[in-house]
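> fold the following, please.
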Amino acid sequence: MAITVQNFIKLANYYNQTAKTMSAICITKGGIPIENYVGRFFAADVLEFVVEYGERLVKSTKDISPEVVSVLERFRAQFEHVRSMTTPSEKPIYEMTLEEFEKTMNI
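All right, here's what the predicted structure looks like:
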């Protein structure tokens, strides 16, 4: 996939739809706080991917619009709040023991 503004916008829209869906699920499950919803880990991973893609886009594109940079900055700020929820890069989940997984996810 070529790194383009259009692809960044698609990824950003996907993340926004995921966040809306998570909110709706939390409401229909009795109003559970979003920070207690199990899907928050997936959303954090998606947000990490969107931010990384955006950063690569900014590095590789000379004349990028200020709106795209602004969106990237908002995603970067959101990501700083959920950074601890992302899947660790050191060891894939499928190689972790149950104890390692629970420790990583603060369960």
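
> tell me where the protein has strands.
In the chain, no segments count as strands under DSSP state E.

> helices or strands up against the helix or strand of it with the lowest mean pLDDT?
Ranked by mean pLDDT, DSSP states H and E, the weakest helix or strand in the chain is helix 98-104, scoring a mean of 79. Counting contacts by 3 or more Cβ pairs under 8 Å, 6 or more residues apart in numbering; DSSP states H and E, helix 98-104 packs against no other helix or strand. Backbone N, C-alpha and C define where each C-beta goes, glycine included.

> next, the buried residues of it.
For helix 98-104, a neighbour-count test (16 or more other Cβ atoms under 10 Å) marks Thr104 as buried.

> tell me which residues touch Arg40, please.
Going by Cβ atoms under 8 Å, 6 or more residues apart in numbering, Arg40 touches 22, 34, 82, 85.

> how close does Thr104 sit to Met96?
According to Cβ to Cβ, to the nearest Å, Thr104 stands 7 Å off from Met96.

> repeat for Tyr37
Distance, Tyr37 to Met96, by Cβ to Cβ: 21 Å.

> can you tell me the centre-most residue of this structure?
In the chain, the residue lying closest to the centroid (Cα atoms, centre = their mean) is Leu47, at 1.5 Å.

> quick one, what contacts that one?
Contacts for Leu47 were tallied using Cβ under 8 Å, 6+ apart; they are 15, 75, 78-79, 82.

> can you redo those as CSV with distance to Ile64 and pLDDT?
Putting these into CSV (distance: Cβ to Cβ, whole Å; pLDDT from 0 to 100) gives the following:
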residue, distance to Ile64, pLDDT
Tyr15, 19, 95
Phe75, 14, 95
Gln78, 20, 92
Phe79, 19, 91
Val82, 25, 86
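
> what subset of the residues you listed is buried?
Neighbour counting with 16+ other Cβ under 10 Å marks 15, 75, 78-79, 82 as buried within the contacts of Leu47.

> out of those, which sit inside helices?
Secondary structure assignment by DSSP state H places 15, 75, 78-79, 82 of the buried ones among the contacts of Leu47 in helices.

> what is the nearest of the residues you listed to Cys26?
When these are ranked by distance to Cys26 (Cβ to Cβ), Val82 comes first, at 15.1 Å.

> no further queries at this time; thank you.
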